[in-house]
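> dropping the sequence and predicted coords here.
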Amino acid sequence: MGTWLGKGNDPRYTPTTTFETFPFPYPPGKEQQDSPIVQAIADAAKELVEKRDRWLNPEGATEADLKKRTLTNLYN
């Protein structure tokens with residue numbers, strides 16, 4: 001957890017403490033390649049990127065349509 005601040009001791013996250021609560025299970029590039037969990041995450045990430053790319057750049061879209069297809073519009 002972060003530090004405490006204010007009368008009510010409200011929690012406050014700081015850059016040095018925020019990510020302590022969200023540790024990576026493996027350092028990037030050092031994942032266990034034979035792990036089914038690592039493979040499932042990799043497959044899901046690949047599928048997400050492919051779907052996002054298809055949404056951002058659909059076949060036959062006009063230039064005007066493409067200008068409206070932003071990541072902000074996708075996720076909002």
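Received it, and whenever you're ready, just let me know what you need.
> just the helices in the protein please.
15-18, 36-56, 63-68, 71-75 (DSSP state H).
> chain center to the second one, what's the gap?
Put plainly, it is helix 36-56. Distance of helix 36-56 from its chain centroid, counting by CA atoms, centre = their mean, to the nearest Å, is 11 Å.
> contacts for it next, please.
Helix 36-56 has contacts (CB atoms under 8 Å, 6 or more residues apart in numbering) with 26, 31, 32, 33, 66, 69, 70, 71, 74. Every residue, glycine included, has its C-beta placed from N, CA and C.
> what's the farthest-apart pair in those?
Using CB to CB, these reach their maximum pairwise distance at 32 and 66, which is 39.9 Å.
> quick one on the thing from earlier: now tabulate the helices of the chain in TSV and tack on mean pLDDT and mean neighbour count.
What follows is those, written out as TSV (pLDDT from 0 to 100; neighbours: other CB atoms under 10 Å):
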stretch	mean pLDDT	mean neighbour count
helix 15-18	72	10
helix 36-56	94	11
helix 63-68	95	9
helix 71-75	93	9
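> what about the residue nearest to the spatial centre of the chain, distance to residue 67?
By CA atoms, centre = their mean, the chain has its centre lying nearest to residue 45, at 9.3 Å. Using CB to CB, to the nearest Å, residue 45 is found at 27 Å from residue 67.
> now swap in residue 49 and tell me
Taken as CB to CB, the span from residue 49 to residue 67 is 21 Å.
> on that earlier part again, distance to residue 17 added to the contacts of helix 36-56, as JSON lines?
Putting the contacts of helix 36-56 into JSON lines (distance: CB to CB, whole Å) gives the following:
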{"residue": "26", "distance to residue 17": "22"}
{"residue": "31", "distance to residue 17": "25"}
{"residue": "32", "distance to residue 17": "28"}
{"residue": "33", "distance to residue 17": "32"}
{"residue": "66", "distance to residue 17": "42"}
{"residue": "69", "distance to residue 17": "38"}
{"residue": "70", "distance to residue 17": "33"}
{"residue": "71", "distance to residue 17": "29"}
{"residue": "74", "distance to residue 17": "32"}
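> done for today, thanks.
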